[in-house]
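Student: the following block contains a protein sequence and its predicted model.
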Amino acid sequence: MSDEKAEFARELFRRWHGQELSDADAAGLVAFFAPIDALAARAATDLGFDDEPAGYDVVVARLTAKDRP
Amino acid sequence: MSDDITTLSLVDVAAAIAARELSSVEVTRACLARIERLQPVLNCFITLEAEAALAAARTADEALARGDESGPLHGVPLAHKDMFYRAGQRCTGGTKIRRDFVPDVTATVQARLAAGGALCLGGLNMSEFAVGPTGHNIHHGACRNPWNPVHAPGGSSSGSGAAVAARLVYGALGSDTGGSIRIPAALCGLVGLKPSQGRISRHGGLSLSFSLDCFGPLTRTVRDCARLTGLLAGYDPLDPTSSRAPVDDYEQACEHGIGGLTIGVPADHGGVEVAPDVATAVTDSLSVLAGQGAGIVEVALPDQARMNALSTIVTRAEGATIHRKWLLERRDDYSPQVRRRMEMGLLLPATRYLEALSLRARFLDAFASDVFRHCDVVLLPTVPMPAPTLAELDVGDSDALPAMLQRLTGFTRPMNYLGLPALSLPAGFSAEGLPMGLQLVGRPFAEATLFAAGAAYQRATTWHERAPEMATAEETV
């Protein structure tokens, strides 16, 4: 993972959380975080303008099984 | 004789107590005797409450003698992952930070099992703060797999898996945010249910992710699991996220056949590498279920890697929200691996978290149209390999951590993101003699369908009847 991203993580921790990360912690955290965030960012390109978290409850209600054994 | 008692199923021991063929005291003493012998090897318990349990067993026997049976678990000893509160009782969450925490409320799941007559022998080992699929715990010591103590029991409900498999108790509660019930169930040769989101109250349990946490049982048989689920399920005014959907008769569902049920099998494993033994077990299980009358069709699952990532985003953002104060003030009181996973949430912008939550509807919709339009239940491995050794999984917070987590939770975490019910079943043994699990996934609130399919599978197989040798051979401990 790039030094630039690790430095960004370190700066973010400093500004948002008032905490200093070591070089190793910052690099390790970014290595762990970056691939997951990249996948999530790609998935987010499918997000529609009207999508919102409560949409999930609507789909669950529609799918709730009616054919119980 | 005491080993004979502990090999009974939960349903059978409850029937024997109710019929006064066995007393609760006899049963509890048999469990405590096994715990005394096997705890030094397995490290299942964080807190053992032997005297209190025996006193409760005496009370249960006295009540029964008066004709006062409290419920379908009257006098049956259970123990639970050490994260379900009981007012006035220590509850560590598997942590250093909460080593001496004593809650002043009782979890609804604890209260419902107690109302059903169950006894509680204590708090079981678990991954720190319910984070981690392996069974490691640097604060309370690693829990070990009763099929081979060198191997991991899986986590985060590690003690629940190991204790039930080793016949120390008849059932246990676990929690599941990314696979933490199903993974130890699979690696220890048990049945484990991650219920639909909202099916079982989360009031009074340690939280990791408000949106994805589920509580549920680990047992030896599907019927045992159905009994516990029947007691646990249903709306709870103390948990506003619990569902008002009606609760089916799960034990009755176990009697149903599966003729006409269609089982979907994923066309591929979404990039997760599956060990040959596990692949064979899954293929064999399809033959068993087809023999019971189920139809089998191939289905294409939505992008599991993306669901896995989105699920991780939700868990980390919510986990970091819960833990931020301690992460800043007591950073060194976390294990490095748990701290790293929690701190990831502190890097996330709010938009990424809300994107992940907003996309749940789309993925669930896609799952419905691509999968549940063609089948009633999806069958896939629970864990893609038999239990690795604890040493193999001891990667700390190294660069190997993401790959290890991805592989262990590759088939379980997506179901948490979708909020679907998933039942893990024992599906055979590897060449090394380690258990393997298969996972049945159903529509929201279709737990009864999963119990029907799981019970049909267990009527035709005997994997669930096998007990680990170490748990029956006194000379090995």
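Tutor: Looks like it came in fine. Numbering: from 1, shown residues only, chains lettered A, B, ... in the order given.

Student: hmm, B:Val11 is touching B:Cys225, no?
Tutor: No. Between B:Val11 and B:Cys225 there is no contact under CB atoms under 8 Å: 10.0 Å. C-beta here means a position set from N, CA and C on the backbone, and glycine is covered the same way.

Student: what residues does chain A put near chain B?
Tutor: A:9, A:12-13, A:16-19, A:25, A:28-29, A:31-33, A:35-37, A:39-44, A:46-48, A:51-53, A:55-56, A:58-60, A:62-65, A:67-69 (CB under 8 Å from any CB of the partner chain).

Student: do that again at 6 Å, thanks
Tutor: Proximity of chain A to chain B (CB under 6 Å from any CB of the partner chain) is limited to residues A:17, A:19, A:28-29, A:31-33, A:36, A:39-40, A:43-44, A:47, A:51-53, A:55-56, A:59-60, A:63-65, A:68-69.

Student: that older thread, what about B:Val11 and B:Cys225, which has more around it?
Tutor: Each of B:Val11 and B:Cys225 has its neighbours counted (other CB atoms under 10 Å in any protein chain shown); B:Cys225 has more, 33 against 24.

Student: list the contacts for the more buried one?
Tutor: B:191, B:193, B:217, B:219 (CB atoms under 6 Å, 6 or more residues apart in numbering or on different chains).

Student: residue nearest the middle of chain B, spatially speaking?
Tutor: Among the residues of chain B, the one closest to the centroid is B:Ile181, at 2.1 Å (CA atoms, centre = their mean).

Student: residue contacts, that residue?
Tutor: B:157, B:174, B:192, B:194, B:216.

Student: out of these, which comes closest to B:Asp236?
Tutor: If you rank these by distance to B:Asp236 using CB to CB, B:Gly216 comes first, at 14.5 Å.

Student: okay, and the beta partners of the closest one?
Tutor: B:Gly174 (DSSP bridges).

Student: so it makes contact with B:Leu193?
Tutor: Yes. Judged on CB atoms under 6 Å, B:Gly216 makes contact with B:Leu193 at a distance of 4.4 Å.

Student: what about the chain, any weak spots by pLDDT?
Tutor: Just so you know, I chose chain A. A:1-2, A:65-69 (pLDDT under 70).

Student: wrong chain, I was asking about chain B
Tutor: B:1-2, B:470-477.

Student: now the residues of chain A next to chain B: which count as buried?
Tutor: Neighbour-count burial (16 or more other CB atoms under 10 Å in any protein chain shown) applied to the residues of chain A next to chain B gives A:17, A:19, A:28-29, A:31-33, A:36, A:39-40, A:43-44, A:51, A:53, A:55-56, A:59-60, A:63, A:65, A:69.

Student: can you say which helix or strand has the closest residue to B:Ser211 other than its chain neighbours in it?
Tutor: Take B:Ser211 and drop its neighbours on the chain: the residue closest to it by CB to CB, 6 or more residues apart in numbering or on different chains is B:Val314, 5.4 Å away. Applying DSSP states H and E as the criterion places B:Val314 in helix B:304-329.

Student: show me what the helix or strand following that helix is packed against.
Tutor: Using DSSP H and E, the helix or strand that directly follows helix B:304-329 along the chain is helix B:336-344. If you count contacts as 3 or more CB pairs under 6 Å, 6 or more residues apart in numbering or on different chains; DSSP states H and E, helix B:336-344 packs onto helix A:23-43, helix B:304-329.

Student: buried set for the helix holding B:Val314?
Tutor: Going by 16+ other CB under 10 Å, helix B:304-329 has these buried residues: B:304-320, B:322-324, B:326-327.

Student: picking that back up, selection in PyMOL covering whichever of the contacts of B:Ile181 are buried, please.
Tutor: With 16+ other CB under 10 Å as the burial test, the buried ones among the contacts of B:Ile181 are selected in PyMOL as follows:
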select buried, chain B and resi 157+174+192+194+216
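
Student: of the contacts of B:Ile181, closest to B:Ser209?
Tutor: B:Lys194 (13.0 Å).

Student: residues in contact with the closest one?
Tutor: With CB under 6 Å, 6+ apart as the criterion, the residues that contact B:Lys194 are B:176, B:181-182, B:214, B:216, B:422.

Student: and with 7 Å instead?
Tutor: B:176, B:181-182, B:214, B:216, B:415, B:421-422 (CB atoms under 7 Å, 6 or more residues apart in numbering or on different chains).

Student: quick check: closest non-adjacent residue to it.
Tutor: B:Asp176 (4.1 Å).

Student: wait, the one you found sits on B:Leu218?
Tutor: No. Taking contacts as CB atoms under 7 Å, B:Asp176 lies outside contact range of B:Leu218: 9.9 Å.

Student: for chain A, see how far away B:Leu232 is.
Tutor: 18 Å (CB to the nearest CB, to the nearest Å).
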